[in-house]
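Asks: please find the sequence and the predicted model below.
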Amino acid sequence: MTPRVPRLSSLWVRRTSASSPSPTIAVGGGGRPSPPELVTGRISVQTSRVWHRGLSTKRVGSLLAVAVRLPAPIGRSHAPWEALSRDTAWEAIMKKPRAAVGSRHRKKASSQEGRERHNLSSNQAKPSAPDAGLSRRQKKVVLQAPVSSYHLFRDEAEVTVFRESLLSWYDREKRDLPWRRLAEGEGDLDRRAYAVWVSEVMLQQTQVATVIDYYTRWMQKWPTLQDLASASLEEVNQLWAGLGYYSRGRRLQEGARKVVEELEGHVPRTAESLQQLLPGVGRYTAGAIASIVFGQVTGVVDGNVVRMLCRVRAIGADPNSSLVSQQLWSLAQQLVDPIRPGDFNQAAMELGATVCTPQRPLCSQCPVQNLCRAYQRVEWEQLQASRSLPGSPDVEECASNNGQCQLCAPPTEPWDQTLGVANFPRKASRRPPRVECSAICVLEQSRALGDTQILLVQRPDSGLLAGLWEFPSVTVEPSGQHQRKALLQELQSWAGPLPATRLQHLGQVVHTFSHIKLTYHVYGLALGGQTPVTITPPGARWLTREEFRTAAVSTAMKKVFRVYEDQQPGTCKSSKRSRVSTPSSQKQLSPGQQVLDSFFQPHTRTDAPRFDSAAQ
């Protein structure tokens, strides 16, 4: 016989005061709720449903005891369980404890828990489509840390206005870039995907102005995936030289070979399959290709989108944290236009690159200024500072901006009036690059034909600058002790006996990689009247100066060679000056930079935007 339970018209959970450390359970017989300022949430339990499921009074009490231990709400009167639908909340209460479920039902219980987590995270950000790439662990993080609605888009009308405003601006102001022209004019989807793929890989960690020239030369040399797949790694490194992050070019060629040899020449059509099947294609690149080329409704988040979303929704927490990163991806998925997903994603990146820039953003030109919480905060601060108007302006703030909100800036980082909207996003604390020193030598010999050759050796296939060519070098201590002896031994291992007295120290070159600050102690050794070295071991080769300038060498090696050339007698000053690095304001512009500058010429301003070096 089913045990009888007392009739309960309703149950609700409340806090007895604003400072109460824990909520209390209040049971009312007349359905009368507690005062609004004290109620954080209510769980109604219908007597008939309790009776039919045979739930005991003790079971109801234990489940409610678990419920009140959920995280306290951080938005305005938003209880954590209010995001759940009534039926979902009821199922969460009525579900039997896992220990009481047999092994046959554990899989079903686990899937039910996953659906509940998805429902909660979906109600927080309401993306237009679930994010298949979100891991179970990441979903758990989102579940345990609900965020205030202040940082979200609360209704579809607001989202619609954002989409329409951004796309209208993009149609008027988008830059004429070579990869966009190729993508728009190409009818073959695989060739179009290849054109976008190359551009997205090149634009990672590189400025648009720099990429234009490299992209144009790349597509002229390898216009199709099949052309790239048949190229050698040496050719790829040679064209990529100077673009930085050389592993990108190698992985791009590996991906092209996989498409040609294993996928019958067809690029995967979805973000999920792109990320799964192609080496070097991550979440962002996969989403960009899938949305721009194949029209998949999926959002993307790069450095520009991170900055723009953090400002639009006043997200001051560390954008590199797991919680904030997933929230930004959810926002991007919620906002992406279902009809023009590719154009919307490009518009979001374009806005961050040209208007919502890291420094000196052009807020007056922003199409979504009215929806930007960072701009609203700037206006509020200006009004407060001027005190020109009585009272406080009606500007919304995060209801829980007291150190509890997971998306607000920490209390240790107060608002900086001089930064304005650039208070967002929070500057990530980066570990300083490690310091290393290397002794390096330009070894040059004369040939019978009258010209000279330079010795280059190839780096290992993995690690820093993998597969590129460089001058013989050896790692040394910063103190510089014994570096001449160690370097001479390295040189002789490649070229045989050498006159030690001719080894001259010429200067230093400092080059910073992403995680290493490397100081090169530059040496030179010219073999004038000696018999030329004719035996060259594997991994080494002799090049003329002209061949060196087009070889697959890094920017650091070009700097080293400039130091060597400056010390050579008979070199005119003007030619030296053209080879030595100059301040950025005096550099000779590449053809790609000239194209970009001519595009922006009619709109020149004193506060012209800087391109974000982190992405497009």
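Replies: Received the coordinates, thanks.

Asks: strands along the stretch 401-550 of the chain, start to end?
Replies: 434-446, 452-458, 469-470, 473-476, 504-512, 516-527, 540-543 (DSSP state E, counting those that start in this stretch).

Asks: want to try a markdown table for those strands, with mean neighbour count, distance to Arg191 and mean pLDDT as columns?
Replies: For glycine as for every other residue, the C-beta is placed from the backbone atoms N, C-alpha and C. As requested, the strands of the stretch 401-550 of the chain are arranged in a markdown table below (neighbours: other Cβ atoms under 10 Å; distance: least, Cβ to Cβ, whole Å; pLDDT from 0 to 100):
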| stretch | mean neighbour count | distance to Arg191 | mean pLDDT |
| --- | --- | --- | --- |
| strand 434-446 | 19 | 42 | 92 |
| strand 452-458 | 20 | 33 | 91 |
| strand 469-470 | 21 | 32 | 92 |
| strand 473-476 | 18 | 42 | 92 |
| strand 504-512 | 15 | 37 | 91 |
| strand 516-527 | 20 | 38 | 91 |
| strand 540-543 | 17 | 35 | 90 |
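
Asks: closest to Glu381 out of these?
Replies: Of all those, it is strand 504-512 that lies closest to Glu381, at 36.1 Å by Cβ to Cβ.

Asks: got the angle for that closest one vs strand 434-446?
Replies: For strand 504-512 against strand 434-446, the angle by axes from the mean of the first three to the mean of the last three Cα atoms, to 10 degrees is 140 degrees.

Asks: show me what strand 504-512 is packed up against.
Replies: strand 516-527, helix 555-566 (3 or more Cβ pairs under 8 Å, 6 or more residues apart in numbering; DSSP states H and E).

Asks: partners of that strand in the sheet?
Replies: Strand 504-512 sits in its sheet next to strand 516-527 (antiparallel), going by DSSP bridges.

Asks: between the strand it pairs with and helix 555-566, how big is the angle?
Replies: Interaxial angle of strand 516-527 relative to helix 555-566 (the same axes, to 10 degrees): 40 degrees.

Asks: can you show me the CA trace of strand 516-527 as CSV?
Replies: The C-alpha trace of strand 516-527 is given here as CSV (Å, rounded to 0.1, in the frame of the first residue of the first chain):
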residue,chain,number,x,y,z
ILE,A,516,61.3,33.0,-26.5
LYS,A,517,63.4,36.2,-26.5
LEU,A,518,66.5,35.1,-28.3
THR,A,519,69.8,37.1,-28.5
TYR,A,520,72.1,36.1,-31.4
HIS,A,521,75.8,36.9,-31.0
VAL,A,522,76.6,37.4,-34.6
TYR,A,523,80.0,36.2,-36.0
GLY,A,524,81.5,36.3,-39.5
LEU,A,525,84.1,34.1,-41.1
ALA,A,526,85.2,34.8,-44.7
LEU,A,527,87.3,32.2,-46.5
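
Asks: outline the domain layout of this protein.
Replies: Following the TED database, one gets these domains for the chain: 149-388+404-423, 434-566.

Asks: most tightly surrounded among these?
Replies: domain 149-388+404-423 (a mean of 19; mean count of other Cβ atoms under 10 Å).

Asks: elements contacting the host helix or strand of Ser291?
Replies: Using DSSP states H and E, Ser291 maps to helix 283-294. Under the contact criterion of 3+ Cβ pairs under 8 Å, 6+ apart, helix 283-294 touches helix 189-203, helix 271-277, helix 341-354.

Asks: among those helices, which is nearest Thr550?
Replies: Nearest of the helices and strands packed on helix 283-294 to Thr550, taken as Cβ to Cβ: helix 189-203 at 19.2 Å.

Asks: for Gly299, give me its contacts.
Replies: 127, 287, 291, 329, 331-336, 345 (Cβ atoms under 8 Å, 6 or more residues apart in numbering).

Asks: hang on, Thr216 packs against Arg181?
Replies: No. Contact criterion Cβ atoms under 8 Å: Thr216 and Arg181 do not qualify, at 10.8 Å.

Asks: including distance to Glu264, could the strands of the stretch 401-550 of the chain go into TSV?
Replies: Converted to TSV, the strands of the stretch 401-550 of the chain look like this (distance: least, Cβ to Cβ, whole Å):
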stretch	distance to Glu264
strand 434-446	45
strand 452-458	34
strand 469-470	35
strand 473-476	44
strand 504-512	43
strand 516-527	41
strand 540-543	38
